[in-house]
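[1] Sharing a sequence plus its predicted fold:
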Amino acid sequence: MAGWTTLVQPETLAIGLGRGDLAIVDCRFSLLDAAAGEQAYLTSHLPGAVYAHLERDLSDMHRHGEGRHPWPSADAFTERLSRWGIDPRTQVVAYDDGDGAHAARLWFLLRVLGHGKAAVLDGGWSRWTALGLPVTSAPSAPARRAYAGSFDPARVCDADAVQAHLAGGGVLLDARAAPRFRGEQEPLDRIAGHVPGASNRPYADNLANGQFKSAMQLAAEFRALLGDRPGSDVVAMCGSGVTACHNLLAMERAGLKGGRLYAGSWSGWISDPSRPIATGA
């Protein structure tokens, strides 16, 4: 598969600015202020970048019982891609403030759509600006391109599929911070704890000094969790199906492909009071 497919370094992307087949998407977002990311984009962004709002563009907030950031329909998502000047041949690079969690959501949406040439800017906006690379406040108005496609339903799970996956001995990796996983604190959802049978892999563990760890180091760490299981034996989850994508990106960087996402994640799981809840390690 040609192109950048997991990560791209800022210095490499800077050389490619202006390429006709390149689309850059700013995914900065804050759960504390849903308007902050877009305001930051309007103030300054990478040259040529368009803005993707987590709740408006990368989720379908009209769906109920499917978590805080429900998975969008393929029709809605491909319409946004078309509006951003993206077609199936486009090299897409997504970035956020730095850790890649929101950018990874766009990366996985594209991956499930079958779009291979998609990558996350390693270190994001923080590293780009620290290196003194070009920024602009000029608005971007890319020409519309046609994008038709559908999501691979095998890559996205609901709660029933998660329960069947666990019953069959599959791995469920929760990307939330350890205190949330253990049920000691819960700043976002109404109930604390985790899905019984899940294992904890905080997405922040994929990073060192603000960038992704090497493929070799990530492979060693995920192998310690998975043993000889392939990536396709993993379902990833988090609080709302966003930071879980960071683990899926790290796994693919490590050569462990085919992982699936529990889109509703913890906030979707607890929408049904009959589902069991575990606490502790």
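    That came through, no problem.
[2] For burial, what's the neighbour tally of E38?
    Residue neighbour count, defined by other CB atoms under 10 Å, stands at 16 for E38. All C-beta atoms are positioned from the backbone trio N, CA, C, and that covers glycine.
[3] So it sits against Y51, correct?
    Yes. Here E38 reaches Y51: they are 5.7 Å apart, a contact under CB atoms under 8 Å.
[4] where do the strands sit along the stretch 1-150 of the chain?
    For the stretch 1-150 of the chain, the strands defined by DSSP state E, counting those that start in this stretch occupy 7-8, 22-26, 50-51, 91-95, 118-121.
[5] what's the angle between the second one and strand 91-95?
    Taking axes from the mean of the first three to the mean of the last three CA atoms, to 10 degrees, strand 22-26 and strand 91-95 form an angle of 20 degrees between their directions.
[6] quick one: contacts of strand 22-26?
    For strand 22-26, contacts defined as CB atoms under 8 Å, 6 or more residues apart in numbering pick out 13, 16, 37, 41, 45-52, 84-86, 90-96, 103, 106, 125, 142.
[7] so what's the nearest residue to P134 once chain neighbours are set aside up against?
    Of all residues not flanking P134 in the chain, P47 sits nearest, at 5.4 Å (CB to CB, 6 or more residues apart in numbering). By CB under 8 Å, 6+ apart, P47 lies in contact with L17, G18, I24, P134, V135, T136, A138.
[8] Mind giving me the ChimeraX command for buried ones among these?
    The ChimeraX command for the buried members of the contacts of P47 (criterion: 16 or more other CB atoms under 10 Å) is given here:
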select :24
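[9] Please identify which pair of the contacts of P47 lies farthest apart.
    Spanning the widest gap among the contacts of P47 are G18 and V135, at 14.6 Å by CB to CB.
[10] now the strands of the stretch 1-150 of the chain as JSON lines including mean pLDDT and distance to H69?
    Shown next, in JSON lines, are the strands of the stretch 1-150 of the chain (pLDDT from 0 to 100; distance: least, CB to CB, whole Å):
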{"stretch": "strand 7-8", "mean pLDDT": "98", "distance to H69": "23"}
{"stretch": "strand 22-26", "mean pLDDT": "98", "distance to H69": "17"}
{"stretch": "strand 50-51", "mean pLDDT": "98", "distance to H69": "17"}
{"stretch": "strand 91-95", "mean pLDDT": "98", "distance to H69": "16"}
{"stretch": "strand 118-121", "mean pLDDT": "98", "distance to H69": "18"}
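[11] Quickly list the domain ranges of this structure.
    Using automatic domain parsing, the domain ranges for the chain come out as 7-130, 153-269.
[12] what's the closest of the ones you listed to I277?
    I277 lies closest to domain 153-269 among the domains of the chain, at 4.3 Å (CB to CB).
[13] which residues touch H115?
    P88, V92, G149.
[14] What distance do you get for the second one to G231?
    So that's V92. Taking CB to CB, to the nearest Å as the measure, V92 falls 22 Å from G231.
[15] Show me which of those two is the more surrounded one.
    Using other CB under 10 Å, the more surrounded residue of V92 and G231 is V92, with 23 against 19.
[16] sorry, back to before: the domains of the chain into a markdown table, with extra columns for distance to G280?
    A markdown table is the format used below for the domains of the chain (distance: least, CB to CB, whole Å):
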| stretch | distance to G280 |
| --- | --- |
| domain 7-130 | 23 |
| domain 153-269 | 6 |
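[17] who wins for proximity to T279 among those domains?
    Proximity to T279 (CB to CB) singles out domain 153-269 among the domains of the chain, at 3.4 Å.
[18] what pLDDT, on average, does the closest one get?
    Across domain 153-269, the average pLDDT comes to 97.
[19] May I have the distance across that domain, first residue to last?
    One end of domain 153-269 sits 19 Å from the other (CA to CA, to the nearest Å).
[20] on that earlier part again, now distance to T78 too, for the contacts of H115, in CSV please.
    Below are the contacts of H115 laid out as CSV (distance: CB to CB, whole Å):
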residue, distance to T78
P88, 10
V92, 13
G149, 6
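[21] and which of the residues you listed is nearest A254?
    A254 has its nearest neighbour among the contacts of H115 in V92, at 21.1 Å by CB to CB.
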